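Engineer: got a predicted model here, sequence first, then my questions.
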Amino acid sequence: MARFIKTKKDTIGLSPYAIHFRGDKKSDFIRLRLIDFNSEKLNELEVDRVGEVLDYANSKTTSWFNVDGLHDEKIMQEISSGFKLDTLIIPDVLNTHARSKIHEYDNCIYISLKMLQYHQSNDLISAENFVLIIKENILLSFQEKVGDVFEPIRERLRKSKKRIRNSGSDYLAFAILDIIIDNYIYIISLVGEKIESLDDELIKNPSKKTLEEINKYKGEINFLRKSIKPCREMILSLAKMDSELLNENLSVHLKELQDNINLANDSLDSYREILSDQLSIFHTSVSNTLNDILKFLTIFSVIFIPLTFIAGIYGTNFDNIPELHYEYGYFVMWGVIIVTAISMILYFKQKKWF
Amino acid sequence: MARFIKTKKDTIGLSPYAIHFRGDKKSDFIRLRLIDFNSEKLNELEVDRVGEVLDYANSKTTSWFNVDGLHDEKIMQEISSGFKLDTLIIPDVLNTHARSKIHEYDNCIYISLKMLQYHQSNDLISAENFVLIIKENILLSFQEKVGDVFEPIRERLRKSKKRIRNSGSDYLAFAILDIIIDNYIYIISLVGEKIESLDDELIKNPSKKTLEEINKYKGEINFLRKSIKPCREMILSLAKMDSELLNENLSVHLKELQDNINLANDSLDSYREILSDQLSIFHTSVSNTLNDILKFLTIFSVIFIPLTFIAGIYGTNFDNIPELHYEYGYFVMWGVIIVTAISMILYFKQKKWF
Amino acid sequence: MARFIKTKKDTIGLSPYAIHFRGDKKSDFIRLRLIDFNSEKLNELEVDRVGEVLDYANSKTTSWFNVDGLHDEKIMQEISSGFKLDTLIIPDVLNTHARSKIHEYDNCIYISLKMLQYHQSNDLISAENFVLIIKENILLSFQEKVGDVFEPIRERLRKSKKRIRNSGSDYLAFAILDIIIDNYIYIISLVGEKIESLDDELIKNPSKKTLEEINKYKGEINFLRKSIKPCREMILSLAKMDSELLNENLSVHLKELQDNINLANDSLDSYREILSDQLSIFHTSVSNTLNDILKFLTIFSVIFIPLTFIAGIYGTNFDNIPELHYEYGYFVMWGVIIVTAISMILYFKQKKWF
Amino acid sequence: MARFIKTKKDTIGLSPYAIHFRGDKKSDFIRLRLIDFNSEKLNELEVDRVGEVLDYANSKTTSWFNVDGLHDEKIMQEISSGFKLDTLIIPDVLNTHARSKIHEYDNCIYISLKMLQYHQSNDLISAENFVLIIKENILLSFQEKVGDVFEPIRERLRKSKKRIRNSGSDYLAFAILDIIIDNYIYIISLVGEKIESLDDELIKNPSKKTLEEINKYKGEINFLRKSIKPCREMILSLAKMDSELLNENLSVHLKELQDNINLANDSLDSYREILSDQLSIFHTSVSNTLNDILKFLTIFSVIFIPLTFIAGIYGTNFDNIPELHYEYGYFVMWGVIIVTAISMILYFKQKKWF
Amino acid sequence: MARFIKTKKDTIGLSPYAIHFRGDKKSDFIRLRLIDFNSEKLNELEVDRVGEVLDYANSKTTSWFNVDGLHDEKIMQEISSGFKLDTLIIPDVLNTHARSKIHEYDNCIYISLKMLQYHQSNDLISAENFVLIIKENILLSFQEKVGDVFEPIRERLRKSKKRIRNSGSDYLAFAILDIIIDNYIYIISLVGEKIESLDDELIKNPSKKTLEEINKYKGEINFLRKSIKPCREMILSLAKMDSELLNENLSVHLKELQDNINLANDSLDSYREILSDQLSIFHTSVSNTLNDILKFLTIFSVIFIPLTFIAGIYGTNFDNIPELHYEYGYFVMWGVIIVTAISMILYFKQKKWF
């Protein structure tokens, strides 16, 4: 299946209101978790049915409801009605191949972006769709599979009683987005390190393996750009959004997100250019090595070809070859050969071939 | 005929009001179909003359009038006057080589875009012009030839009694545009998969066939961009259009169309870059292989050239070659040959040539 | 003389009010033609002196005054004063190397653009400067040499009594611009067809001639872009212009011009990219062929080099070469040679060299 | 010293108010000239001290004060105070390595741009900084060295009693800018002609000299772009400037400057692309020639290698080689050789190698 | 560690209010310096504790407090509370890997940018983060390590009693930014000079070393762009900022900063293109040299191969080779050989191979 754009033929022509999972199933089970907190108390629970958490959702305390695994359309239907979401939202959540975006509904803000993961084993990056829905007093988040990326936030919620416990669902959303974008930067820096380390081999020892790595990283940087560029637009829209759901104290934090996503983008542009340069340098370096090989071959051939010819002449069996009968004919031939060879070598030296 | 821009010499200088088919005839017959519906009832009929459907057009129910095949200028004239279209509209419908566009007339919105088709047999994509005219209570659509692309919408109209039956011609137009753009994405994903699969051959086994495929897909991606880019502008204009014909509930759907067409565009940009990269990698890989071949040839030649020379020397027929008469002269020659060859090999090893 | 930018040294420092022909003389004589018409009657005349047409210019009927050939500065002076043009206009008309532009004067609109011509004989395109001056009731047009490009419009004027005869100088100007831009599209499609047809030779049979054609068409596409790009800006300004001289019914036609010039531009961009791709493919294809040639040479050389060496060894004249005296020595040598050759061939087969 | 950006280490950290010459001294002496004129009379004088011209500066007549040579900081100080210039202006005039710019001060407009010169002898272009200061009734201009570029304007001032004598310092400034920009166009056309003439050698006779010229002109075009691009921004700002010092009649002339500078820019972009294309074509052409050479070598080698091998076989001295004793053995060998050679040639013909 | 983007895994998920040093420790000790001045007096002192300078900070005189070395989180905490900074500021100062930016807080303006250093020894450039905080009457600056870059400003403060002593913290900030940007230009000019000097070797003597240098400078220019581009955005925001902390007299100076940073950017773009061109020229030049080498080898081989073949023929030991017994057979062979060789040479001459 294509990596850069995915779609399923059977979803063409579906109503935009149809609750139908359009992605690839990445998880076998579904996990529903809720953290409910205000500055004084904090509750964590894991539930089986959506109904168990609706009370928290309606309380004055801030709640974070996280869904891992999206393939159960019945649960999705319950979330849609339980949390009184616009009927277009859950269908959108289930379209995990869509582009990152942000949309303001009447009572909530819908944010989708890609969460990236770097696989040490093969240097490849995979993407997972992630959706945040910011409502008053409640934040919904949807992941394609179970992950522990947000554990630092849960820790901050549990331990600290400061800002993150006093602020609403918007600040919590910022904290989540901040982790995701910091993770972008971290992944880019990992890939970047590998790319920069290719520089040493390019000219000194250009091999098929170097070429394969340039090709691989070109693909990864392209993939990162495809994932991160729409996210940048999305963060920009979020920063410009004038919604009652976003406290105005948040604006300085959103500017920070913008700076970070810009940093990520700038670096991707730099690495893209570096890889193009590396490929050009590699190619030129290979051509240059070719020259060296061929100079070597040419010098060698050109020196020996006339010598072999001379030897061939005196190997002929003509009855009448006067030179053969001179007493020192053989030695004179050696003399001619040596003089020829030395002249050739001097000629190449003067041409600066070696 | 050129694929990227088509025009006919004899249409230069024609009045913009002339009803003259400027395209290529792609269909032998013409098919006129009407679906008339509201939330309670639905009628489907296929007619021969435009006159038969005008009553439906003027009724309060929503009608969808679809024309397959555009070459009959008389029918076109009837449509123009029957549906009271601006005199510029039908000439525009008949100019199938034109760029995708949108224009707001007094009583209707004119939308033209390209409908794409992927041909499995040769991996090529063809484009057909498609026109939508949104009027109050009636939607007109024009295809160059008979196709079943919109069957899912007809199914939804027939079966469901929900949104699509309750909404007007604008929502129906959205559903049609949605299918066309989903189809773009589907075609891009098909071509994309093929492109991505080239990656394996590039370095391991670069062949003339790989090159031919890169060239072919470059052409297809160019063709897709040429077809889809103006469509993106058109969707943007549609989303910004402030027309009474477009219900304001539609705006969220138009935003979805925008997201999808952006996704298509982003992917095309990615694939374009991937193909350029692939070509560079291919070229570099070929140069690298050349090095390997020439190293091999050089090593071989350079080892044997002096050996052959030595043998040549002792093949000469000089009367006086003392070495020939030494008892072990022949074996000494072999010794010299073997030592020379081994030195050469060690020299190349040290130079890391193999 | 440079094709992409032309200027004359002796025009540097001239006053912008100087009536001085700055172009290249392309015509030996000058032709002044007038068509005067309204919905009822039409007069065509060809005159020698500007004075003969001034009465028509001042009448209520619409007039089209066309000047072919610009090198007579006296006539130009008469036009300037006869038609009461701003003193800067005629100097501008005479600067035929200038960039396409539009300027609104107090009582007229000045439009200049390039008119292109395709020469079948050598596949080259030439450009001629064309100026339109839209005044109330009169349209002035200036061509560098006599041409029959606008004959279709004259025909429409003569035959039809409809729109073109009822509308003013602005609609006539639109009709002229429409022909010029349709002509752009036609020329691009001619060149485009040639470019697309190169695709077949690129990989199967890349020759010096293919390369020459790629180079030629790159030049032509560059030349087209240089001529058409400023025209696009000009049409955009025209469409946005809020002048009393332009009837508001014209706006839909100007939008059509915009669509067409955009189509021309898009295609030029596509062809530019296609040509770049073709050159890259050509180059890569040539390198690939090189590999094939060198594989062939290497295989051949590497098989025969050791064989020749073996034969050389037994051509030496040492007194004591035991092998020479074995009864089947010669046949054993053949055996060794054949085994060596077969091993080599198997080695290359396994390396997938052929 | 770098050609594309110049600065002096000892000027880092200087106060922006310091009157300190930051450029390279290009002239040994300083020349101060004044032309004072109105529609009736005109005075030209050359002075040694700034004080001598201040009376003219304060009169109602228009004056043009031109300074050639900027290295004397004392004179500069006198100009600054004598003409009551803002204290930041003269320091800016002395920073000749700065970017072209325009700035509106309280009582004057400061314009700086590059004046270009083409050196026939080596095809190279040099740039000189030029500053114009437009005040009411007086125009100050500063050149790095004495030049006669503006002689045509002085001639127009001396001879004509028309527009240029009746208009103020702003029209004079326009005339000067017009000459400078016309000169840009002239220089580009000179370089452009040379570039276009390279096209013939690219494929027919690609040599090291062609490559050197491509490289040189790439540098020159880069240099021209670096000089002209900021000037374009500057002219745009000038055209948009709403200053009392600029008569509103000037706007049509400023638009002309814009058109000319845009023409220059467009051509530079075209030539830049042409040069890139030429380099690609050159490279590809060289690779193509390589193929021809190697085909030739391969055909030749491949035909003779087996022949030489056959001859070698029958040069061996085995006691028992039956073929040697056949009466027509030698002639049979020739037969085999000729048949082999012909087969090879046919094989290559069929492969279309020649 | 990657050079183009740096981050630490353990900072992901940290609260934006956490005072935690996120950079690399570049200094062993911390140096706190204060200059307090007005037009009459000036005090310089170096302190150990932040508390010692707070009195100056609150006085009416202008103070410049400079911190070299950022790793002591306790001192940072003291600065934050001592100078009543927004709680987000010091965490930002400690994030030295962040992108250059500007932010306006309630009582101060926060500016961060990169300070560059050129290392003569290895032609490499390193970057250090630099932060300026402009408050009323006090300017705070933070460097990662001790440096003497701003010594010229301290000198101007000490010696002059003019502008810099009379102006507030905003003018001082401008002077500091001016030095940093002048330094950018100086570094670019140093690298640029090296780049331009490569031009000579490209065609005349392209070697592996030239290639290595092109590669190195490509990296440096990329690094410079990555550091300077965000700074340009920052300066633009600063120039547009409408803050009470910035005196309106400053605007002309900020425009100067903009001009300088634009000059830096333009030059970087030029050099980037020059390097790309150089690489292309290098590659083409190498291919061209390859042609020369192979022409040489081919000419040589092609001349001698048939000669050696002829000699081989007459070295065979057939009983019956009539030519061998002709009296002048040997000399005729020489004749044939010489004629063949001369024909070959003439053939190549005619083909213009040498």
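Structural biologist: Done, it's in. Residues are numbered from 1 along each chain as shown, chains lettered A, B, ... in the order given.
Engineer: so the longest helix anywhere in chain A versus helix D:251-313, what angle?
Structural biologist: Ordering each helix of chain A by length in residues (DSSP state H) puts helix A:251-313 first. Per axes from the mean of the first three to the mean of the last three Cα atoms, to 10 degrees, the angle that helix A:251-313 makes with helix D:251-313 is 40 degrees.
Engineer: packing partners for helix A:251-313?
Structural biologist: Helix A:251-313 sits against helix A:169-204, helix A:208-240, helix A:329-350, helix B:251-313, strand E:101-104, helix E:208-240, helix E:251-313, with contacts defined as 3 or more Cβ pairs under 8 Å, 6 or more residues apart in numbering or on different chains; DSSP states H and E. (Glycine included, C-beta is placed from N, CA and C.)
Engineer: correct me if wrong: residue A:179 contacts residue E:14.
Structural biologist: No - Residue A:179 is not in contact with residue E:14 according to Cβ atoms under 8 Å; the separation is 9.6 Å.
Engineer: overlap in contacts of these two?
Structural biologist: Shared contacts of residue A:179 and residue E:14, defined by Cβ atoms under 8 Å, 6 or more residues apart in numbering or on different chains, are found at residue A:152.
Engineer: now the nearest residue to residue A:79 once chain neighbours are set aside: how far from residue A:65?
Structural biologist: Nearest residue to residue A:79 in three dimensions, chain neighbours excluded: residue A:50, at 5.4 Å (Cβ to Cβ, 6 or more residues apart in numbering or on different chains). Taking Cβ to Cβ, to the nearest Å as the measure, residue A:50 falls 9 Å from residue A:65.
Engineer: the more surrounded of those two?
Structural biologist: residue A:65 (25 against 21; other Cβ atoms under 10 Å in any protein chain shown).
Engineer: bridged to the more buried one, which residues?
Structural biologist: For residue A:65, the beta-bridge partners are residue A:34, residue A:140 (DSSP bridges).
Engineer: residues touching it, list them.
Structural biologist: Contacts for residue A:65 (Cβ under 8 Å, 6+ apart) come out as A:32, A:33, A:34, A:53, A:56, A:57, A:83, A:138, A:139, A:140, A:141.
Engineer: now tabulate those residues in JSON lines and tack on distance to residue C:293, pLDDT and neighbour count.
Structural biologist: Formatted as JSON lines, those follow (distance: Cβ to Cβ, whole Å; pLDDT from 0 to 100; neighbours: other Cβ atoms under 10 Å in any protein chain shown):
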{"residue": "A:32", "distance to residue C:293": "67", "pLDDT": "95", "neighbour count": "19"}
{"residue": "A:33", "distance to residue C:293": "66", "pLDDT": "94", "neighbour count": "17"}
{"residue": "A:34", "distance to residue C:293": "71", "pLDDT": "94", "neighbour count": "18"}
{"residue": "A:53", "distance to residue C:293": "73", "pLDDT": "89", "neighbour count": "21"}
{"residue": "A:56", "distance to residue C:293": "76", "pLDDT": "85", "neighbour count": "20"}
{"residue": "A:57", "distance to residue C:293": "74", "pLDDT": "80", "neighbour count": "19"}
{"residue": "A:83", "distance to residue C:293": "70", "pLDDT": "94", "neighbour count": "21"}
{"residue": "A:138", "distance to residue C:293": "71", "pLDDT": "94", "neighbour count": "25"}
{"residue": "A:139", "distance to residue C:293": "66", "pLDDT": "96", "neighbour count": "23"}
{"residue": "A:140", "distance to residue C:293": "65", "pLDDT": "96", "neighbour count": "23"}
{"residue": "A:141", "distance to residue C:293": "61", "pLDDT": "97", "neighbour count": "20"}
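Engineer: so which residue of the stretch 51-200 of chain A comes closest to chain E?
Structural biologist: Per Cβ to the nearest Cβ, residue A:152 is where the stretch 51-200 of chain A lies closest to chain E, at 3.0 Å.
Engineer: so who does the closest residue to that residue other than its chain neighbours touch?
Structural biologist: Nearest non-adjacent residue to residue A:152, counting by Cβ to Cβ, 6+ apart: residue E:13, 3.0 Å away. Shown in contact with residue E:13 (Cβ under 8 Å, 6+ apart): A:152, A:153, A:156, A:178, A:179, A:182.
Engineer: closest to chain C among these?
Structural biologist: Within these, the smallest distance to chain C is 37.8 Å, found for residue A:182 (Cβ to the nearest Cβ).
Engineer: contacts only, for the nearest residue to that closest one once chain neighbours are set aside.
Structural biologist: Nearest non-adjacent residue to residue A:182, counting by Cβ to Cβ, 6+ apart: residue E:12, 4.4 Å away. By Cβ under 8 Å, 6+ apart, the residues touching residue E:12 are A:152, A:179, A:182, A:183, A:186.
Engineer: the fourth one: how many residues sit nearby?
Structural biologist: Okay, so that is residue A:183. Residue A:183 is flanked by 20 other residues according to other Cβ under 10 Å.
Engineer: verify the stated contact: it with residue A:149.
Structural biologist: Yes - assessed by Cβ under 8 Å, residue A:183 is found in contact with residue A:149 at 7.0 Å.
Engineer: list the residues that contact both of those two?
Structural biologist: Here residue A:183 and residue A:149 have residue A:115 as joint contacts, going by Cβ under 8 Å, 6+ apart.
Engineer: for the closest residue in space to residue A:238 that isn't next to it in sequence, give the beta-bridge partners.
Structural biologist: Ranked by Cβ to Cβ, 6+ apart and with sequence neighbours excluded, the top spatial neighbour of residue A:238 is residue A:102, at 5.5 Å. Here residue A:102 sits in beta bridges with residue A:111, going by DSSP bridges.
Engineer: so what pLDDT did residue A:102 get?
Structural biologist: With respect to pLDDT, residue A:102 scores 96.
Engineer: same question for residue A:1.
Structural biologist: 69.
Engineer: repeat for residue A:342
Structural biologist: Note on residue A:342: pLDDT of 92.
Engineer: by proximity to chain C, which residue of the stretch 101-250 of chain A wins?
Structural biologist: Closest point on the stretch 101-250 of chain A to chain C, by Cβ to the nearest Cβ, is residue A:208, at 13.9 Å.
Engineer: tell me how far that residue lies from residue B:292.
Structural biologist: For residue A:208 relative to residue B:292 (Cβ to Cβ), the value is 9 Å.
Engineer: who in the stretch 101-250 of chain A is up against chain E?
Structural biologist: Proximity of the stretch 101-250 of chain A to chain E (Cβ under 8 Å from any Cβ of the partner chain) is limited to residues A:152-153, A:156, A:160, A:162-164, A:178-179, A:182-183, A:185-186, A:188-190, A:192-193, A:196, A:199, A:202-203.
Engineer: sorry, back to before: my guess is the residue nearest to residue A:79 meets residue A:76, correct?
Structural biologist: No - contact criterion Cβ under 8 Å: residue A:50 and residue A:76 do not qualify, at 9.2 Å.
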